[in-house]
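Enquirer: Have a look at this fold, sequence not included:
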């Protein structure tokens, strides 16, 4: 009996934003391990190079690319480069996000509000638009948006971040409905509390962490690698009939 090829990504081109650390880095490594050529992206090229070099050292294929998804011109330039270098894109993982303020919603700073919206909503939207145009030409593709459980159950003192993640969940459904005719699937991953630098304000504060763990049936924080398997499913042929869904990987928090 032969092993399944459902999770094989050989020959696929995948773009992972926010891939220099945390969940994005774990996703980039796993997609490369399954055969994809991964475009490793974040704001700083040097950070991307470290991840890409580690992937290549492990026998995978990777290209580092700097892109600040809060800047529309950078998105357009990056996708022009992808078109020129690869001529296609099969997988987009929108993972880069920002959450610059941890405070009561009434104390929201307008600058922090705008930055969060620019990256988490506008950035995801136009990354998906540019990727979708390439995928449409090829007649297939998979877009995976890393949202958050906060998009369903708002996190305390994470007001605008939670609002943007709710928007990402709905955005996922919009692209799923309108792009299915082009062979493009779009799904969202909703991570629970994960041990990353991004979540350090929660994970490193004992009082907040203990309160959070009381609401998580598995009674622990996730490792970034535990998010990558779900993304592999959504990126691969294993999920060929799955689109418009929001997949909770949260230790049971939303159950």
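Expert: Thanks, I have the structure now. Here the structure is a predicted model, which means the values were calculated and not measured. Residues are numbered from 1 along each chain as shown.
Enquirer: as a whole number, average confidence for stretch 217-234?
Expert: The pLDDT scores in stretch 217-234 average 96.
Enquirer: Tell me the buried residues in that stretch?
Expert: Using 16 or more other Cβ atoms under 10 Å as the test for burial, stretch 217-234 gives 221, 222, 224, 226, 227, 228, 230, 231, 232, 233, 234. Glycine gets a C-beta too; all of them are placed from N, C-alpha and C.
Enquirer: Look up how far residue 237 lies from the spatially most central residue of the chain.
Expert: With distances taken as Cα atoms, centre = their mean, residue 95 lies nearest the centre of the chain, 2.5 Å away. Using Cβ to Cβ, to the nearest Å, residue 95 is found at 21 Å from residue 237.
Enquirer: and the lengthiest strand in the chain, which strands flank it?
Expert: Using DSSP state E, we find that the single longest strand of the chain is strand 184-191. Its sheet considered, strand 184-191 pairs with strand 141-146 (parallel), strand 246-249 (parallel) by DSSP bridges.
Enquirer: Can you lay out those as a markdown table showing distance to residue 60?
Expert: Below are these laid out as a markdown table (distance: least, Cβ to Cβ, whole Å):
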| stretch | distance to residue 60 |
| --- | --- |
| strand 141-146 | 19 |
| strand 246-249 | 23 |
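Enquirer: Looking at these, which is nearest to residue 197?
Expert: Among the strands paired with strand 184-191, the nearest to residue 197 by Cβ to Cβ is strand 141-146 (15.0 Å).
Enquirer: Would you mark the buried spots in that closest one?
Expert: Buried residues in strand 141-146 (16+ other Cβ under 10 Å): 141, 142, 143, 144, 145, 146.
Enquirer: show me what contacts the first one?
Expert: When the contact criterion is Cβ atoms under 8 Å, 6 or more residues apart in numbering, the partners of residue 141 are 89, 90, 91, 92, 131, 132, 134, 135, 182, 183, 184, 185.
Enquirer: From these, list the buried ones, please.
Expert: Buried members of the contacts of residue 141, counted by 16+ other Cβ under 10 Å: 89, 90, 91, 92, 131, 132, 134, 135, 184, 185.
Enquirer: Tell me the one of these nearest residue 32?
Expert: Distances from residue 32 to the buried ones among the contacts of residue 141, taken by Cβ to Cβ, are shortest for residue 91, at 11.3 Å.
Enquirer: how about residue 95, what does it touch?
Expert: 16, 17, 18, 19, 23, 24, 27, 146.
Enquirer: Of the residues you listed, just say which sits nearest to residue 85.
Expert: residue 16 (16.0 Å).
Enquirer: Can you tell me how far the closest one is from residue 88?
Expert: In terms of Cβ to Cβ, residue 16 sits 16 Å off from residue 88.
Enquirer: Residue 63 too?
Expert: Look at residue 63 and residue 88: by Cβ to Cβ, they are 14 Å apart.
Enquirer: Name the residue in those two with the higher neighbour count.
Expert: Taking other Cβ atoms under 10 Å, residue 63 and residue 88 do not tie; residue 63 has more neighbours (20 against 15).
Enquirer: Need the three-state assignment for that one.
Expert: strand (DSSP: H, G, I helix; E, B strand; the rest coil).
Enquirer: and the nearest residue to it once chain neighbours are set aside, how many neighbours does it have?
Expert: Using Cβ to Cβ, 6 or more residues apart in numbering and skipping residues adjacent in sequence, the residue nearest residue 63 is residue 39, 5.2 Å away. By other Cβ under 10 Å, the residues close to residue 39 number 29.
Enquirer: next SSE after the helix or strand containing residue 39?
Expert: Here residue 39 sits within strand 37-42, counting by DSSP states H and E. Counting by DSSP H and E, the next helix or strand C-terminal to strand 37-42 is helix 45-57.
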